[in-house]
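**Student:** what's the 3D shape of this:
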Amino acid sequence: MQLREHGRRVTPQRRAIVQALLDSDGIHPTADQVFQRVQSVMPDMSPATVYNTLHEMVEIGELLELDLGLGERRYDLHTSNHAHLVCLGCGQVVDVPYSDPPALPPEHAQGFRVIDYLGVFRGYCPGCQSGG
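**Tutor:** I've put the predicted structure just below:
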């Protein structure tokens with residue numbers, strides 16, 4: 001995390017939030033999940049501190065805020081271009097790298113200058129397919 005480089009202080013609370021994100025093992029946690037993890041090590045941490053810090057990290061480009069159609073926003077430390085596989089059964093989210101983002105044909109761009117692409121593939125993971 002490059003908080004200092006963006007003029008942000010590195011407080012114990014911010015360290016705990018970053019550590020909770022790092023320890024999330026790629027599950028793309030919700031703000032509530034981050035809060036629960038942080039609260040287990042810092043019981044006096046307020047939800048507002050977690051939400052505000054996540055918002056700051058998104059603003060400075062250190063974190064992605066994702067709306068994957070699951071009803072709540074998820075957070076991803078992997079900020080380079082990539083897509084996601086989303087299980088509609090259990091909510092699992094998996095990063096899918098790609099080397100070349102898909103090109104938007106000029107006739108479909110309708111004057112937009114595209115600066116980012118976030119691909120989301122939805123389906124069912126092996127566990128949900130087998131009913132487990």
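
**Student:** After the lowest-mean-pLDDT helix or strand in the chain, which helix or strand is next?
**Tutor:** Ranked by mean pLDDT, DSSP states H and E, the weakest helix or strand in the chain is helix 106-109, scoring a mean of 75. Next helix or strand after helix 106-109 toward the C-terminus (DSSP states H and E): strand 120-123.

**Student:** Would you mind listing the outside residues contacting that following strand?
**Tutor:** Strand 120-123 has contacts (CB atoms under 8 Å, 6 or more residues apart in numbering) with 68, 69, 83, 84, 85, 86, 87, 88, 96. To be clear about C-beta, it is placed using only N, CA and C from the backbone, and glycine gets the same treatment.

**Student:** Show the contacting residues for the first one.
**Tutor:** If you count contacts by CB under 8 Å, 6+ apart, residue 68 has them with 28, 74, 84, 86, 93, 120.

**Student:** Same question for residue 89.
**Tutor:** 124, 125, 127, 128.

**Student:** returning to what we had before: columns secondary structure and pLDDT on top of the contacts of residue 68, output as JSON lines?
**Tutor:** Conversion of these to JSON lines gives the following (DSSP: H, G, I helix; E, B strand; the rest coil; pLDDT from 0 to 100):
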{"residue": "28", "secondary structure": "coil", "pLDDT": "93"}
{"residue": "74", "secondary structure": "strand", "pLDDT": "94"}
{"residue": "84", "secondary structure": "strand", "pLDDT": "90"}
{"residue": "86", "secondary structure": "strand", "pLDDT": "92"}
{"residue": "93", "secondary structure": "strand", "pLDDT": "90"}
{"residue": "120", "secondary structure": "strand", "pLDDT": "88"}
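
**Student:** who wins for neighbours among these?
**Tutor:** Neighbour counts for those peak at residue 28, which has 25 neighbours (criterion: other CB atoms under 10 Å).
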